[in-house]
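Novice: quick one, fold the following:
(chains A and B)
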Amino acid sequence: MKSLLSTHPRIRRAIGNQEVLLLVIALVIVGAVSVRNPGFLGVDTLFNILTSALVPFIFGIGVTLVLIAGGIDVSFLTVGIFAAYLSCRLFPQADGAPGALLSIAVAVGVGVLLGLVNAVVVLGARLSTLIATLATSAIFLGALFAFIGGTVISDIPHGLVGMNSVSLVRIPLANGGTTRLSALVIIGVVLAVLVALFLRRTIAGRWVFAVGGDEEAARRVGIPIRATRVLVFAIAGGIAGLAGIVQVAQSGRADPTTFIGGELNVIAAVVLGGALITGGRGRVRGTLLGVIVIQIINSALIPLGIPAIWQQAVIGLLLILGVSLQTIANRVRPIRAILAPPASSVPIGETV
Amino acid sequence: MSTMTSDPEHGSVRPVVEAESISKTFGGVNALTDVTVRFLPGEVHCLAGENGSGKSTLIKIISGAEVPTAGSIRISGHAYPSLRPQQAIRLGVEVIYQDFSLLPNLDAAENIALPLLTLEGKRVASRKRAMKIAEEAIGRAGIRLDLSTPVGDLTVADRQLCAIARALAHNSTFLAMDEPTTALTWREVDSLFDAVGRLREQGVAIAFISHKLQEVFDVADRVTVLRNGRIVETGVPSQYTHESLSQGMTGRKSTSFPRSSAVWAGKPAALRVTGLGRSQLFEGISFTVGQGEVVGLSGLLGSGRTEVAEAIAGVHPADTGHISVLGEECDIRSVEGAVSAGIAYVPEDRLTQGLFLDQPIGDNLSVTILSKFSRAGRIRARALREASRTMSATLRIKTRSLAAPVRSLSGGNAQRVLIGKWLLREPAVLVLNGPTVGVDVGSKFDILSILNAESLRGLGILIISDDLPELVATCHRVLVMRGGRLVDELDSANLSEATILEAISA
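Specialist: From the prediction side, this is the model:
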């Protein structure tokens, strides 16, 4: 096993690469379900999975950023619903395409502000990001109920409704109905591309990796670590606001209690996608795969006859599997060959 | 920079960097007291001193990584009482830190280029540009380095080269090098010194810290000796001899290493290794270490010397061959196996591999002997404490309390803790990989004395090292490795720095 791994760099790399693992898991589950239930394999299921993955994916991109920078954010869902709810309250009449853009812009703006609050708490009070965002999350939710309102808005701005109803693709089904994919997914695609470009191709994006890799070393080589962390929290807040408003558009209602308790699912997806909880590593593509695999599991368990209450357990098992495979792959590092071709030297060293 | 003011002490040459009456305290302990040093353009200024004398702290204050408790840093004439690293870099201050301060998750090219691109205010991270900067920097340093491997996966030597290249990428006016040669081979050290020579010609002011006295004499234009956070003396190297310099550093005489004891003849060898091999790394390794014998295992970095040591210690077990301890064959498959066979191993990278840095010194010492001091699962705490205290006194570990974390100790004292914890276990063989790397002259003397005393009691010692004076002074025999094989053996009659150097680099 060991020699196989060390002599085949490709195998080792594949095992070390969480994304490949996730793809394999996704294919296995889809295959297993399709055998039992041939109807599962179809455009309908694909569209359902993509639709339900959209909001967790957008949230996950923000979480990925914070994780790469070496922090952990548990306030993103509260930020998301706060921003979206406030946007709906401030501009309930927003209509048409300009109205939809206004609703989105307001939600993103509020998200950025809340993200900055997170940054101020983390940097000002020198708290760990987990404690800081746990606290701000509670404060944001309290403020939302106390000052803005806690009732469900079921009549959301028409611009958002309209945006959700625009179809990107519409396909007739065999049973006479049709299945569609909402244009909202474009938001996810554009965001993913933008954030991936930011992380890979901008200096500020590289600072995010540097700060997450070793903050003190980054500080010593002149990287503006405070500015980088503020930037990360601001962007992550804005992304959370965007995810919140997309959720409102998708569901047709703004409910302050929508997401309560869902944080770990998103964080699990991101970690499953290969982001390191200790910082310095993560990618948008991995997060996408992590979210999709979790959605596949969620939609596959029922056709497989596994009660829905097992969803969480399966996700937990996957998390353990994914992270421990990484550790194993790290352990079997390639060896750099030292041994030179045999020389005609006599054995030495035996004197005592 | 156009106004050249004249300085009464240095004629018309204005210092690039001046430390003015710098004091620094850490939690009530004075690391530096009223230190004033000037670094002139085109001058290599060596800061000499034992571990804990305050050299590294001074460098960190100059680079803005630490803020002084009192005093200020003057760069090109302007005083900065609380300098920040970003500001210092912008003013031309560049540092090769002792701990390298690299970003482990980024590759070497990016580690070298990102600080420069940041300084230049670039927005777009161009891979091509990063590679170009990195290639130029390693060219300037005259080194070879795999630029596209994450730095966390590089060897210690390559990390050091990367830190050097990063510092050289920047057109600095002041370059501080804190122990830049610790992990390097002499060939790499030569090309580093060539690069330093070129910088000196360009008028860069250079601060150089090294424990290796010979290096100080090789490169320094001026030497400042620090002891216990104060400047003891300053002068030019020609004023000093090895003895007078190390006396200045340690405040005491005698630097010659203790001679080792006689081998216990007629007893089974402490360690016998026969035909040891590991795929792709080494093969046909056979040698013995007698009881009471000190054997050196030398070779360049990458010769396989560390791999052989790690095989004996069970860290990465061998595929073929036999190991016996005190005449008894043992099958070593793991570190636990080696330890119970009577083999103790002090690794190269003691900070990450050998010690629990945040745990108390006492616990670090006693961790290997817990089972000896426990009855029915309960630890006999008092007896254990007593054993640690005795060992700490034997090794003269400088600390106020055994409850302090190991992190609070200087390099030499941390190394004593590591050696002490294995001696407490009373092994038959002690394998030490680079026992005095990064250790100051005074501690080095103490550590070698301790090893000598232990060998007198019959302990077999295998020292993996390329510190030539140390090998010559302490070893009965030196085995030499090249390309994964034992290629030479030098007995006491043929043992000299010149013969070892010739054998390892042939």
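
Novice: for B:Val25, phi and psi?
Specialist: Quick fix: residue B:25 is Thr, not Val. Dihedral pair for B:Thr25: phi -120, psi 140, per degrees, to the nearest 10.

Novice: give the contact list for it.
Specialist: Taking Cβ atoms under 8 Å, 6 or more residues apart in numbering or on different chains as the criterion, B:Thr25 is in contact with B:31, B:69. Where C-beta positions appear, they are placed from N, C-alpha and C, glycine not excepted.

Novice: check chain B for the residue nearest chain A and tell me.
Specialist: Nearest to chain A, among the residues of chain B, is B:Gly483, at 2.7 Å (Cβ to the nearest Cβ).

Novice: as a check, name the ranges of all helices in the stretch 251-352 of chain A.
Specialist: For the stretch 251-352 of chain A, helices defined by DSSP state H, counting those that start in this stretch occupy the ranges A:263-272, A:284-300, A:311-331.

Novice: up against chain A, what does the stretch 351-500 of chain B have?
Specialist: Contacts of the stretch 351-500 of chain B with chain A, taken as Cβ under 8 Å from any Cβ of the partner chain, map to B:477, B:479, B:482-489, B:491.

Novice: contacting residues for the nearest residue to B:Gly327 once chain neighbours are set aside?
Specialist: Distance criterion Cβ to Cβ, 6 or more residues apart in numbering or on different chains; nearest residue to B:Gly327, sequence neighbours excluded, is B:Pro268 at 3.1 Å. Contacts for B:Pro268 (Cβ under 8 Å, 6+ apart) come out as B:291, B:326-327.

Novice: any stretches of the chain with poor pLDDT?
Specialist: The chain I'm using is chain A. By pLDDT under 70, the low-scoring segments of chain A are A:1-17, A:325-326, A:328-338, A:341-352.

Novice: nope, chain B
Specialist: By pLDDT under 70, the low-scoring segments of chain B are B:1-12, B:27-29, B:51-52, B:252-263, B:349-353, B:438, B:440-441, B:505-506.

Novice: not counting sequence-adjacent ones, nearest residue to A:Phe259?
Specialist: Of all residues not flanking A:Phe259 in the chain, A:Leu77 sits nearest, at 3.9 Å (Cβ to Cβ, 6+ apart).

Novice: just checking, that neighbour touches A:Ala240?
Specialist: Yes: look at A:Leu77 against A:Ala240 with Cβ atoms under 8 Å: they come within range, at 7.4 Å.

Novice: which residues are in contact with both of the two?
Specialist: Contact criterion Cβ under 8 Å, 6+ apart; residues shared by A:Leu77 and A:Ala240: A:Phe59.

Novice: who has more neighbours, those two?
Specialist: Each of A:Leu77 and A:Ala240 has its neighbours counted (other Cβ atoms under 10 Å in any protein chain shown); A:Ala240 has more, 33 against 26.

Novice: next secondary structure after the longest helix along chain A?
Specialist: As assigned by DSSP state H, the longest helix anywhere in chain A is helix A:96-124. Helices and strands here follow DSSP states H and E; after helix A:96-124, the next one along the chain is helix A:129-143.

Novice: can you list contacts of stretch B:142-155?
Specialist: Defining contact as Cβ under 8 Å, 6+ apart, one finds that stretch B:142-155 is touched by A:333, B:102-109, B:111-112, B:131, B:134-135, B:138, B:158-159, B:161-162, B:164-165, B:183, B:188, B:191-192, B:194-195, B:301.

Novice: those in helices, which ones?
Specialist: B:108-109, B:111-112, B:131, B:134-135, B:138, B:158-159, B:161-162, B:164-165, B:188, B:191-192, B:194-195.

Novice: buried members of these into PyMOL, please.
Specialist: Buried members of those, identified by 16 or more other Cβ atoms under 10 Å in any protein chain shown, are gathered into one PyMOL selection as follows:
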select buried, chain B and resi 108+109+111+112+131+134+135+138+158+159+161+162+164+165+188+191+192+195
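
Novice: quick one on the thing from earlier: out of the residues of the stretch 351-500 of chain B next to chain A, which are buried?
Specialist: For these, a burial check counting by 16+ other Cβ under 10 Å picks out B:477, B:479, B:482-489.

Novice: what secondary structure does B:Val35 sit in?
Specialist: B:Val35 carries the three-state label strand when classified by DSSP: H, G, I helix; E, B strand; the rest coil.

Novice: what residues are up against it?
Specialist: By Cβ under 8 Å, 6+ apart, B:Val35 lies in contact with B:19, B:21-23, B:54, B:58, B:71, B:226, B:229-231.

Novice: quick check: B:Ile500 is in a strand.
Specialist: No: counting by three-state DSSP, B:Ile500 is located in no strand; its state is helix.

Novice: flag every residue of the stretch 101-250 of chain B that's near chain A.
Specialist: Close to chain A, as judged by Cβ under 8 Å from any Cβ, the stretch 101-250 of chain B has residues B:101-106, B:110, B:114-115, B:117-119, B:122-125, B:153, B:166.
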